[in-house]
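K.L.:
structure, please.
(2 chains)
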Amino acid sequence: MAQNASSILCADFGSVTTRVVLVDVVDGQYQLVGQATGATTVGYPVDDVNVGMYRILQDVAELTGRTFFDAGRRVITPEDSNRRGVDYFLTTASAGRPLRAVIVGLTPALSVETARRAMSAAYIDIVDAVHLDDERNEEERLNTIILGRPDLIFVTGGTDRGSENAVLRLVDLVRLALRATPEPLRPQVIYAGNARIAATVRDQLGELCQLMLVQNIRPQADVEAFDDVLGALGQAYDRYKEKYGASFSSVADVSACGVLPTAQGYALAAEYYSKLTKSDVIAVDIGSSSTILAGSFKGRTHTIVSTTIGLGHSAQGLIEQVGLEAIKHWLPFYIDDTSVMNYALNKAMRPASVPMDVRELYIEHGLLRGAIQHLIHQGRLAWPELSEHAPLTVKTIIAGGAALTGTGNPAYDLLLITDAVQPAGVTEVKVDAFGLIAGLGAIATVQPEAVVQLLDGNNLETLGTVIAPTGIAPVDKVAMSLKIKTPDGEVYDYDITGGDVFLLPLQVDASLEVRIKLRGGLRINGRSSVKLVLTGGSAGILFDARGRAGHLYPDDVRQRAAQMPRMIEAVTGDPMNAIPEGWLQPTDDDGKAAKRAERARKRVKDQDKPNKRDKKAKAPAEQPVAVGEQEEDDLDSLRNIID
Amino acid sequence: MVYSDQRYVAELVRIQREVVLPDDALGKTLVKEGQRVDVRDKIARGVITNKHHILDAMSILKLGKPQDLEELMLVEVNTQVDEGTAIAGRDPHKGRRVLAPVAGIVTAVVDGRIVFQEMPQVVTMEAGVRGVVVRVYPDRGAAIEATGALIQGVWGNGHNVIATMRMEPSGGIENIQLNELDTTYRNEVMVTSRPLTRTALDVSEARGLAGIIAPGMDADLIPDVMALDRAVLLTEGFGNMKMTPATLTLLQSFDGQTVTLDSYYPQRWQPRRPEAVINRLSNEKPPAPDFRVPLKQGARVRVSRAPYVGQIGRVNALPEQPVLLPNGLRATCAEVTLMTGETVYIPVANLELAGT
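P.N.:
The predicted model follows:
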């Protein structure tokens, strides 16, 4: 490519929406100069990404006055002297069927688990795992691989100085599976295990399939290394898309980077902001068929991509993973399980559609909040920098996707993001209104400096700042007292009741000094009184006095019905949609759920009660236990010693 | 420009139907471009991999080294054999032999082991319509063009059937007597304008219906419907859905005619929809569905979401600015006058082109 390359056109193919951004050098800096979105034409009825892409590029061409296509409708690269075409055309995708993978490893807790983590950042469905502890015989393992019909077999196991024979047994199994599979249907294979036998693996498998040998993902017992394998997974995804996404192959031919996974851009953005601000960052995008959660904490970046959680194509999968109760908890009305499933199935069949009435909007946003909280919980379990229960303190949230950023009201977007992520402390929220982040991962492969300049510039919209103290909010009492001082010296006092939120509109370039006094057990960064200088955003500053010690909204449905519409009205300024009384009658499902919850509470309570029999037992402390005599249970022994 | 979803409900249209093998099948296309095909004609046949066995030939034949097995193989790789057939050994009729555990195929010989596959599942794709092959996909299938009425649905239970279509009696499917001796409706596809219920499923089973076309049903019926051995196609969605008047009227006009019910079970990544097709001859070549038509003023549309789900209307205008919906969302909308006379703003994402 030319040394003075500057223009970059990125197309990101989501399952529902294709987003195109044009980046170019303006006044010596890479900037976003044009963008457009439109329907992705994958699947019924057209099933050719080029159709939708061409339409959207025409829109960008009209906006910018440039030409991107030749007479044959191919993107022109590089840019010519008449400014026709672009220097780089890059594509990313989250659309289409995820790649199916089978893991072949030594043990579930080590090699297989590490492999799962390595693949968590990719658009991969792990259909099964084969390992030496899986209680299958060789034939069963062979069938697990073959009948899993994978697009990729991921082989790992053994540290670099560890097991060789055991790993080679597994490689032999893979060889059998490949030999038994007709050549056109053979999966790709990534070997990411003991490096000392990599050459043997190549001899065994190299002629049977497309084999990628990468650095061991677990070179030592307590070290995981994913840098190398992530590149291989990207290649595997690209090849898979070319093979099975017939129309993607023509796009990949023209793209300078093939077709990369969309998620790479989110990880990059999180990592960049984390380094820039020297603090923790979360990036999240919930789409129609998949959801991305990237977190950068203390210098380490992690990504989770769920290909079965989404608000459109994957709505049914979302409910199966997250659970109906976790979604219904976000609804300010009673609803039976079947109605929620009906909604999800209808949404899966019409993924681009939007809710038009209040009830459906709450269900949609219930799915969204439940899904992101579910993924954050997964992150808490998988990412060592996070604890399972401590409040999530991040300095920046980057949100993408139409659901999180497309209500049409920035304040509503801010409330949704706050509910979904539940940050604590002082958090700036940015949104990707233009679909830029998806392209960053691809841009980084050709012009890394462009990524830095784009993130440094104002190409991500600043939505605002969330101030959310930790602790339990006092009920019906003042929780936060604000003293707001404007730049021209005026001072305003404002009290926020526990359980409420308050939105202070403040424009992007404006700033205010705010003193906050916290009541009850509420704290910000461990303090009950703070002074902050806050800058604005398209929404403003959201003061969240709901605390971070449990659910944000009351457990009681009627209380939620009173609170949620009021909160939305307060934040958006739109007329309140009160919840009709007819929606507040418990359904049979709610009755059953309540009974289940009550039984669970009773079980816990009963376990805590001391056993009456034990209270009377005396401790035969000096009496030896005869050999062969039935031993007392451990608990009784302890009680006997104490008594 | 905005491109809306399209769901065809058309009296006479050029139907283009792709008939292809599943991704995990290897096979052959059986037809040629330009060939005329009938409803039951086979378009492609393929095989899907089945369970494998590992036969330890070295141990069974007591061989010294793996290479010895090659000269003892009695059948070649990729040969189909019956259960009990000798695959390897010094004598096919006696002595130490490796026998086929079931009917199947010798797939590979590797290091003294024989990999043996049980008979693969054979998949045959039928045309489903009477028409002409317009495009061949090598080893995958073909695209067939036909003329007729086309009703595209939203969900199916994965069965195909070709049968006479019958409208439900005035009392609905549920009021049909469960008299198994009465052969009225047997092997017919019944159209109901009411949401499908468990009672209706029981009736369909008792009366031997070949299939049902219904507007919708509750999600909790899915396991029962998937377990049926008859085709079910939903035209509108899940929940308490009514059939749109246009769809119902069209189906009524073909009462008593033969319908191909392709109740395709939607897969997330497949470009197919469940369909009901009624072949019709036509002197003229009707237009093919055009899926590249943008949404324009005057377009006839169907609303896909509550509270106007299923209603038909015409686009009056396409405002450029987002419109505030009653629920607080702001969305790009079309101003639509519904057949009821009401003029409303509907998000363009909630409109399906409904033809002229």
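
K.L.:
where in the stretch 151-300 of chain B is pLDDT low?
P.N.:
Scanning the stretch 151-300 of chain B for pLDDT under 70 picks out B:178-182.

K.L.:
can you pull out the residues in contact with stretch A:175-182?
P.N.:
A:142, A:145-146, A:153, A:186-187, A:189, A:204-205, A:208-209, B:26, B:49, B:52, B:54, B:107-108, B:110, B:113, B:115, B:117 (C-beta atoms under 8 Å, 6 or more residues apart in numbering or on different chains). Heads up, the C-betas are built off the backbone N, CA and C, glycines and all.

K.L.:
repeat that for 6 Å
P.N.:
The list of residues contacting stretch A:175-182 from outside it, by C-beta atoms under 6 Å, 6 or more residues apart in numbering or on different chains, reads A:142, A:145-146, A:186, A:204-205, A:208-209, B:26, B:52, B:107-108, B:110, B:115.

K.L.:
now that stretch: mean pLDDT?
P.N.:
Taken as a whole, stretch A:175-182 carries a mean pLDDT of 94.

K.L.:
and it, which residues are buried?
P.N.:
A:175-178, A:180-181 (16 or more other C-beta atoms under 10 Å in any protein chain shown).

K.L.:
please apply the same query to stretch A:314-331.
P.N.:
A:314-319, A:321-322, A:324, A:326-331.

K.L.:
close to chain A: what parts of the stretch 251-356 of chain B are there?
P.N.:
Listed as neighbours of chain A in the stretch 251-356 of chain B under the rule C-beta under 6 Å from any C-beta of the partner chain: B:268-269, B:271, B:273, B:291, B:304-307, B:322, B:325, B:327-331, B:347, B:349-350.

K.L.:
write the ChimeraX selection for whichever of the residues you listed are buried.
P.N.:
Here is the ChimeraX command that selects the buried residues among those (16+ other C-beta under 10 Å):
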select /B:268,269,273,291,304,305,306,322,325,327,328,329,330,331,347,349,350
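
K.L.:
just the ones of the residues of the stretch 251-356 of chain B next to chain A in strands?
P.N.:
Secondary structure from DSSP state E places B:330-331, B:347 of these in strands.

K.L.:
going by distance to A:Asp509, which of these wins?
P.N.:
Using C-beta to C-beta, B:Arg330 is the member of those that sits closest to A:Asp509, with 24.0 Å.

K.L.:
I'd say the closest one and B:Leu324 touch.
P.N.:
Yes - between B:Arg330 and B:Leu324 there is a contact at 5.4 Å, judged by C-beta atoms under 6 Å.

K.L.:
sorry, back to before: now render the buried residues of stretch A:175-182 as CSV, adding secondary structure.
P.N.:
Shown next, in CSV, are the buried residues of stretch A:175-182 (DSSP: H, G, I helix; E, B strand; the rest coil):
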residue, secondary structure
A:Arg175, helix
A:Leu176, helix
A:Ala177, helix
A:Leu178, helix
A:Ala180, helix
A:Thr181, coil
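
K.L.:
nearest to A:Ile197 among those?
P.N.:
Nearest member of the buried residues of stretch A:175-182 to A:Ile197, counting by C-beta to C-beta, is A:Arg175, at 13.3 Å.

K.L.:
from B:Asn157, how far off is the closest one?
P.N.:
40 Å (C-beta to C-beta, to the nearest Å).

K.L.:
near chain B, which residues of the stretch 101-250 of chain A?
P.N.:
A:138-139, A:142-143, A:146, A:149, A:176, A:179-180, A:182.

K.L.:
so which of those residues are in helices?
P.N.:
A:138-139, A:142-143, A:146, A:176, A:179-180 (DSSP state H).

K.L.:
for chain B, what's its nearest residue on chain A.
P.N.:
Nearest residue of chain A to chain B: A:Gly408, at 2.4 Å (C-beta to the nearest C-beta).

K.L.:
poorly predicted segments of the stretch 151-300 of chain A, please.
P.N.:
Ranges of the stretch 151-300 of chain A meeting pLDDT under 70: A:244-247.

K.L.:
what segments of it are helices?
P.N.:
A:165-180, A:198-205, A:227-244, A:246-254, A:263-277 (DSSP state H, counting those that start in this stretch).

K.L.:
deepest-packed of those helices, please.
P.N.:
helix A:263-277 (a mean of 23; mean count of other C-beta atoms under 10 Å in any protein chain shown).

K.L.:
with only the CA atoms kept, save it in PDB.
P.N.:
The C-alpha trace of helix A:263-277 is given here as PDB (Å, rounded to 0.1, in the frame of the first residue of the first chain):
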ATOM      1  CA  ALA A 263     -15.400  -7.900  18.800                       C
ATOM      2  CA  GLN A 264     -11.800  -7.000  18.200                       C
ATOM      3  CA  GLY A 265     -12.600  -3.300  17.900                       C
ATOM      4  CA  TYR A 266     -14.300  -3.300  21.300                       C
ATOM      5  CA  ALA A 267     -11.300  -4.900  23.000                       C
ATOM      6  CA  LEU A 268      -9.000  -2.400  21.400                       C
ATOM      7  CA  ALA A 269     -11.200   0.500  22.400                       C
ATOM      8  CA  ALA A 270     -11.400  -0.700  26.000                       C
ATOM      9  CA  GLU A 271      -7.600  -1.200  26.100                       C
ATOM     10  CA  TYR A 272      -6.800   2.200  24.600                       C
ATOM     11  CA  TYR A 273      -9.100   4.100  27.000                       C
ATOM     12  CA  SER A 274      -7.800   2.200  29.900                       C
ATOM     13  CA  LYS A 275      -4.200   3.100  29.100                       C
ATOM     14  CA  LEU A 276      -5.100   6.700  28.300                       C
ATOM     15  CA  THR A 277      -7.000   7.200  31.600                       C
END
